[in-house]
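Colleague: Mind folding the following:
(one chain, ligands or ions: 1)
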Amino acid sequence: MLIRRLRSWELPEHEATPETVFLNRRSLLAGTAGLIGAAALGGPAAAQRADPTFDLYPAKRNESFALDRAITPERFSADYNNFYEFGSSKSVAVAAKALKIRPWTVVVDGLVEKPFEIGFDDLIRKMPLEERLYRLRCVEAWAMAVPWTGFPMKAFLDLAKPLGSAKYLKMQTFLDRSVAPGQRQVWYPWPYTEGLTMPEAANELTFLVTGAYGKPLSNQFGAPLRLAVPWKYGFKSVKSLVRFSFTEERPKSFWEALQSSEYGFWANVNPKVPHPRWSQATERILGTDEQRPTLIFNGYGEYVADLYKGLDSERLFV
Ligand code: MTE
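Modeller: The predicted structure follows:
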């Protein structure tokens, strides 16, 4: 039996395209304007069609990761980003286009059997790609729900082969002041760095993201490779990764180095632990005025609560 699976931009889950828009799109697609039209409607932009991994999308959805809310339409999530390398406003999509995402090399070093470098296009084809619907809760008290494509960090650990002495995984973003104006601001501790304990890294939820909305990541989302750890505040989900280092010492993350009283290493979502300057009890749903109650571990406690048993002396929720 021949089954044609719709690409996710052809029928966004909670946003069936009205027929008039659909017909417009058809006629637009006949000409060059179609590419612009397709992008505006959430279809792949020219850069994404030219991506050497475009054939891998859409990946099959892993239905285990269900949402309690609608997917955030791409026109909101792709237009309201934190990517300080390209500025401190939320409108970084245009500036982030300056990032050249090919060739892209990922370094694996530190406490591993054998350090190595691998091209992103080789890496992705070794990994089991799938789509997962995840919530993201920013420490700034807004939230979104995105269909990410990527592979479990566990599969990457199997490739990296960390030694038993590795206690932490440190992850770093590219450093290139010539394309990222934010990195010329020397008071920030570039490159953007984040860390996880090895049990956190190996957790089933920890996901390395290569795409969103059924196509390769657009730059503002952190192309070509970013992290998604949905039970933690969004700043832990580091973008545009170039280095994975396995260490014995706890890495100091970007925001922790800047202001450790407000942004800690653990950063697990908890409605009852306010940020020093605002409440975390509720969250604004991106693209709406809706406020929802924040959930402990962002609703992912069944996967991750056990990771924190016996760590009561740590600042687990900052
Ligand atoms: N990664 C890098 N390299 N630079 C950043 O500024 N911002 C973080 C995180 N990863 C950031 C980053 C923050 S604060 C959040 S909330 C999320 O990315 C936002 O992801 P989004 O732009 O895809 O919504």
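Colleague: Can you tell me the closest non-neighbouring residue to residue 151?
Modeller: Leaving aside its sequence neighbours, residue 151 sits nearest to residue 127 (Cβ to Cβ, 6 or more residues apart in numbering; 3.7 Å). Any C-beta I mention is one placed from the backbone N, CA and C, and that applies to glycine too.
Colleague: what's around the closest residue to the ligand within the chain, how many residues?
Modeller: Going by Cβ to the nearest ligand atom, the ligand is nearest to residue 234 of the chain, at 2.7 Å. Using other Cβ atoms under 10 Å, residue 234 is surrounded by 20 other residues.
Colleague: Contacts only, for it.
Modeller: Contacts for residue 234 were tallied using Cβ atoms under 8 Å, 6 or more residues apart in numbering; they are 82, 136-139.
Colleague: and the gap between the closest residue to residue 221 other than its chain neighbours and residue 249?
Modeller: Nearest residue to residue 221 in three dimensions, chain neighbours excluded: residue 212, at 5.5 Å (Cβ to Cβ, 6+ apart). Computed as Cβ to Cβ, to the nearest Å, the residue 212 to residue 249 distance reads 33 Å.
Colleague: and if you look at residue 189?
Modeller: Look at residue 189 and residue 249: by Cβ to Cβ, they are 16 Å apart.
Colleague: One more: residue 186?
Modeller: Separation of residue 186 from residue 249 (Cβ to Cβ): 25 Å.
Colleague: Look at residue 212 and residue 249 and report which has more neighbours.
Modeller: Ranked by neighbour count (other Cβ under 10 Å), residue 212 and residue 249 place residue 212 first, with 25 against 9.
Colleague: beta partners of that one?
Modeller: Residue 212 forms beta bridges with residue 148, residue 215, as assigned by DSSP bridges.
Colleague: hang on, it packs against residue 145?
Modeller: No - in this structure residue 212 lies outside contact range of residue 145 using Cβ atoms under 8 Å: 11.3 Å.
Colleague: hey, where'd the helices end up in the stretch 201-318 of the chain?
Modeller: 254-258, 301-304 (DSSP state H, counting those that start in this stretch).
Colleague: most tightly surrounded among these?
Modeller: Mean neighbour count, computed with mean count of other Cβ atoms under 10 Å, is highest for helix 254-258 among those, reaching a mean of 18.
Colleague: Put the alpha carbons of that one into CSV.
Modeller: Taking Å, rounded to 0.1, in the frame of the first residue of the first chain, the C-alpha atoms of helix 254-258 are listed here in CSV:
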residue,chain,number,x,y,z
PHE,A,254,27.6,31.2,29.9
TRP,A,255,24.9,32.7,32.1
GLU,A,256,26.3,31.2,35.3
ALA,A,257,29.6,32.9,34.6
LEU,A,258,27.7,36.2,34.1
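Colleague: For it, give the mean pLDDT please.
Modeller: Helix 254-258 comes out with an average pLDDT of 97.
Colleague: try stretch 149-156
Modeller: Averaged across stretch 149-156, the pLDDT comes to 98.
Colleague: got the residues of the stretch 151-300 of the chain near the ligand?
Modeller: Residues of the stretch 151-300 of the chain found near the ligand (Cβ under 6 Å from any ligand atom) are 173, 192, 221-222, 234-235, 237-240.
Colleague: ok, of the residues you listed, which one's closest to residue 306?
Modeller: Nearest to residue 306 out of those is residue 237 (Cβ to Cβ; 21.3 Å).
Colleague: residue contacts, the closest one?
Modeller: Applying Cβ under 8 Å, 6+ apart, the residues contacting residue 237 are 136, 194, 222, 226-229.
Colleague: Model confidence score at it, please.
Modeller: 98.
Colleague: can you check residue 271 too?
Modeller: 98.
Colleague: That one touches residue 298, doesn't it?
Modeller: No - with contact defined as Cβ under 8 Å, residue 271 does not count as touching residue 298 (9.7 Å).
Colleague: hang on, isn't residue 163 packed against residue 112?
Modeller: Yes - if you go by Cβ under 8 Å, residue 163 and residue 112 touch, sitting 6.4 Å apart.
Colleague: which residues are common contacts for those two?
Modeller: Joint contacts of residue 163 and residue 112 (Cβ under 8 Å, 6+ apart) are residue 246.
Colleague: Between those two, which is the more surrounded one?
Modeller: It is residue 112, of residue 163 and residue 112, that has more neighbours when counted by other Cβ under 10 Å, with 18 against 11.
Colleague: Any idea what that one is bridged to?
Modeller: Residue 112 forms beta bridges with residue 162, as assigned by DSSP bridges.
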